[in-house]
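In: got a sequence here, can you build the structure:
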Amino acid sequence: MDAAARRRAIAAALEKADGPVPASVLGERCGVSRQIIVGDIALLRAAGAEITATPRGYVAGRGPAEGLRRTAACIHGFEGMERELNIMVDNGCTVLDVVIEHAVYGQLTGELHLKSRRDVAEFMRRVRENAASPLSTLTGGIHTHTLLCPDEPAYEKTLTDLRTAGILLE
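Out: All right, here's what the predicted structure looks like:
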C-alpha cells in the first residue's frame, strides 16, 4: 500500500471507529510503525482532516455532539487529579479537555475525552507509567475542564461534588 492509500485507510478507520484508535493499532493494520502513523496523521490534519489525539488514541473530528458543554474551574495537586476526574465521569459528564493559561504560551489545551472510570484509570496508568506531569503543574494547580454533560442537573451535581472535595476553584 502506498502512502496516499495508507492515509485514506487511516481516515476511513477513524471515521468508522466507535472510540479512540491508538497509533500502534493503526500501524499494525497498515503494516508500518507507530511513528509513520503519527506523520500520516500530521499530513491528514494539514490537508484539513479534523483528527484529535486523545490519551487513548486518535478520534475523527465528529466529536461528541449530544449534551451541554460546560466548564469547571479547578485547583489541586497531582494527588487530586484522579478524584477530580472520577467525580466528573461519575456524574455522567465526559471530560473533553484540560486547559491552562500559561504565562508565555497563552492557552494550552490537552485533549482527554474521558467518559468512564475505566477511561480515568487508563489515563492515570499512562500518566504514572510515563512519569508525566499534569499541565496544571505549570499554573500552581489552576486549570479548567470542558465537560459534556447530559443535562444541567448533572453539571450542577458535578460542581457540588467538586466543591465538597475541595477541588472547585471559586
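In: can you confirm V127 is in a helix?
Out: Yes - checked against DSSP: H, G, I helix; E, B strand; the rest coil, V127 lies within a helix.
In: okay, now the unreliable bits of this protein?
Out: For the chain, the stretches flagged by pLDDT under 70 are 62-65.
In: tell me, what residue is most central in the protein?
Out: The centre of the chain sits closest to L112, judged by CA atoms, centre = their mean, with a distance of 1.2 Å.
In: for this structure, which segments count as strands?
Out: For the chain, the strands defined by DSSP state E occupy 51-54, 57-60, 68-75, 94-102, 106-114, 142-149.
In: could you redo these as JSON lines and give each row distance to G39?
Out: The way it works is simple: take the backbone N, C-alpha and C, and place the C-beta from them, glycine included. Formatted as JSON lines, those follow (distance: least, CB to CB, whole Å):
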{"stretch": "strand 51-54", "distance to G39": "13"}
{"stretch": "strand 57-60", "distance to G39": "13"}
{"stretch": "strand 68-75", "distance to G39": "32"}
{"stretch": "strand 94-102", "distance to G39": "24"}
{"stretch": "strand 106-114", "distance to G39": "19"}
{"stretch": "strand 142-149", "distance to G39": "28"}
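In: re earlier: is it true that the residue nearest to the centre of the chain touches V95?
Out: Yes - with contacts counted by CB atoms under 8 Å, L112 reaches V95, the gap being 4.9 Å.
In: need the overlap of contacts for those two.
Out: L85, H145 (CB atoms under 8 Å, 6 or more residues apart in numbering).
In: fine, thanks again, bye for now.
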